[in-house]
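Enquirer: Okay, predicted coordinates and the sequence, questions at the end:
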Amino acid sequence: MKKSPGLSYGLIAATVILPLASAALAAEKPAAAVSAGWQKPAWLTDLSAGVKESYDDNVLLVADKDPGMNPQSSWITTVSPKVGFNFAPLLGTQKTLQTLSLVYAPDFAIYHDASSESYNAHKLANVIKGKTGDFSFALDNAFLFNDGDSTAPIYALSPASANDKNRSAYATAAPRERRKQIQDRATIVLQYDVDQFFIRPTASLTYYDLMTDWHKSSGAYTGYQDYEDRADVNGGLDLGYKVTKDLAVTVGYRYGHQYQQAFPNAIDTTTFNHQQAQSSSDYQRLLLGLEGKPWKWLTVKVAGGPDFRDYNSAAPMNDHRPVNYYGEASMTAILTPNQSLSLTYKHWQWVASTGKYSYYDSSYALAYHWNATKQLGLDLAAKYADSDYASATDNQYLRDDAMYSLSAGVSYAFTPHFSTSLGYTCNLGRNQQDNATFEPYREFDQNVVSLSAQYKF
């Protein structure tokens, strides 16, 4: 059932106006009366409600070329309650299980001018951490069920806009995340410390179950975007040596599998070696890493090394046993007691959710935060992402798409419970491939401005 604007305005009133009124009343009460109010129990870690009103000037990230599709803009209302628990304090004086948390943080998003993009994202996160003697363990799991539209977007509504089907690889990413689907990301880490050494078995999962309908891109569905399921699972071992108390070098190994679903012949007739094309593969990685604190103000975790890939016989790739580079890094610098700077990086081989190919996925992100005062905060961020399909066997699928992102935000806490923020994000999709066919249609501009409020109990 479609939600009406009237409902969203009512939600705004419930989550913004009422907290403002509550804050004002609290300010008028004596301090003793406020302090005597309800206090969260230790096991209730999060209890909050937030609302955000945004304006997106290019919901489907189209190129805005003539002839072609015009950008669709929309006002967006997002309501975000949150409740979190840590059940470890309920287990008495034991110290083995340090964290046993569960957080439910849904987003209910209403696109007032593009109703097909509305969604309800149900997000569950649980963390289990413990330690006994020299042995420690951790489990992190983030699960998402997105109750969105099961029909994917169409990027070619008429002969005049047919060129829009030659869009950027990033144009489909945002609409895809709003569709009906399940996602799951999990990591398990065990560690045993012996003097200056440690051994660390680990395993991880990334899983996408896209639940959108499939349609052959022809006739009334010319330009329809079909999505495939995909997954990555791996396990392995790290050996670490502590150079100092807070810094270690590591050597690691991973064995993993990537899965890409194949379209049926009725949807896509692309075959390779007489099979429906899909680029599932097995891989092995050797990793050299550095993690910890080289200085008190800097925290780093870096790992990289060769990735040995073995594609299945139906993969339309130039080389079925390539050796590539895998790398990931995160660094956080505490510049001053009130300022921090963080850098994240990842380069890996991943399978597309929109086709039959594997591609090189790279991202670089830089974020700066400043607590100007106890109430006022400032955030600046920049990100560069690149999707390179250089290994495709068919020239028509060769592409190298990039996206540049800049964002800024300012937040203000009126009380310890109530805060607001104003944000702006600019995304620029750009073609990086020389002599690309339909190059203008592979590029887009998007601007998003938002105003949000949050009340924490």
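Expert: Perfect, I can see it now.
Enquirer: show me where pLDDT drops low in the stretch 301-450 of the chain?
Expert: Scanning the stretch 301-450 of the chain for pLDDT under 70 picks out 393-396.
Enquirer: can we see that at 50?
Expert: Along the stretch 301-450 of the chain, no part satisfies pLDDT under 50.
Enquirer: Residue 73: neighbour count?
Expert: 14 (other CB atoms under 10 Å). All C-beta atoms are positioned from the backbone trio N, CA, C, and that covers glycine.
Enquirer: in the stretch 201-350 of the chain, which spans are strands?
Expert: 230-242, 247-260, 271-272, 275-276, 281-295, 298-311, 323-336, 339-351 (DSSP state E, counting those that start in this stretch).
Enquirer: Tabulate those (JSON lines), appending mean neighbour count.
Expert: Conversion of these to JSON lines gives the following (neighbours: other CB atoms under 10 Å):
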{"stretch": "strand 230-242", "mean neighbour count": "17"}
{"stretch": "strand 247-260", "mean neighbour count": "17"}
{"stretch": "strand 271-272", "mean neighbour count": "16"}
{"stretch": "strand 275-276", "mean neighbour count": "15"}
{"stretch": "strand 281-295", "mean neighbour count": "17"}
{"stretch": "strand 298-311", "mean neighbour count": "17"}
{"stretch": "strand 323-336", "mean neighbour count": "15"}
{"stretch": "strand 339-351", "mean neighbour count": "17"}
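Enquirer: Any chance of the ones you listed in JSON lines with distance to residue 423 as columns?
Expert: Shown next, in JSON lines, are the strands of the stretch 201-350 of the chain (distance: least, CB to CB, whole Å):
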{"stretch": "strand 230-242", "distance to residue 423": "30"}
{"stretch": "strand 247-260", "distance to residue 423": "34"}
{"stretch": "strand 271-272", "distance to residue 423": "44"}
{"stretch": "strand 275-276", "distance to residue 423": "43"}
{"stretch": "strand 281-295", "distance to residue 423": "31"}
{"stretch": "strand 298-311", "distance to residue 423": "26"}
{"stretch": "strand 323-336", "distance to residue 423": "21"}
{"stretch": "strand 339-351", "distance to residue 423": "17"}
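Enquirer: the helices in the protein, which residues?
Expert: Listed in chain order, the helices of the chain (DSSP state H) span 5-12, 18-28, 31-35, 173-177.
Enquirer: so what's the closest residue to residue 156 other than its chain neighbours up against?
Expert: In space, and not counting its chain neighbours, residue 156 is closest to residue 223: 2.6 Å by CB to CB, 6 or more residues apart in numbering. By CB atoms under 8 Å, 6 or more residues apart in numbering, the contact set of residue 223 is 154, 155, 156, 157, 161, 162, 164, 165, 217.
Enquirer: Surely the fifth one and residue 68 touch.
Expert: Yes. Applying CB atoms under 8 Å, one finds residue 161 in contact with residue 68, separated by 5.1 Å.
Enquirer: Grab the nearest non-local neighbour of residue 376.
Expert: residue 412 (5.5 Å).
Enquirer: who touches residue 426 in this structure?
Expert: 405, 406, 407, 445, 446, 447, 448.
Enquirer: ok, now which ones touch the closest residue to residue 229 other than its chain neighbours?
Expert: Nearest residue to residue 229 in three dimensions, chain neighbours excluded: residue 261, at 4.2 Å (CB to CB, 6+ apart). Contact criterion CB under 8 Å, 6+ apart gives 228, 229, 230, 278 as the residues in contact with residue 261.
Enquirer: Okay, residue 213 and residue 292: tell me how far apart.
Expert: Using CB to CB, to the nearest Å, we find residue 213 at a distance of 48 Å from residue 292.
Enquirer: Pass me the low-pLDDT residue ranges in the stretch 1-150 of the chain, would you?
Expert: Those would be 1-36, if you go by pLDDT under 50 across the stretch 1-150 of the chain.
Enquirer: go again using 90 as the cut-off
Expert: Where the stretch 1-150 of the chain drops to pLDDT under 90, the residues are 1-42, 66, 92-95.
Enquirer: all strands for it, in order.
Expert: 44-56, 74-86, 97-104, 107-111, 119-132, 135-147.
Enquirer: Mind putting these into TSV with mean neighbour count and distance to residue 372?
Expert: TSV is the format used below for those (neighbours: other CB atoms under 10 Å; distance: least, CB to CB, whole Å):
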stretch	mean neighbour count	distance to residue 372
strand 44-56	18	22
strand 74-86	18	25
strand 97-104	16	29
strand 107-111	20	28
strand 119-132	16	30
strand 135-147	17	31
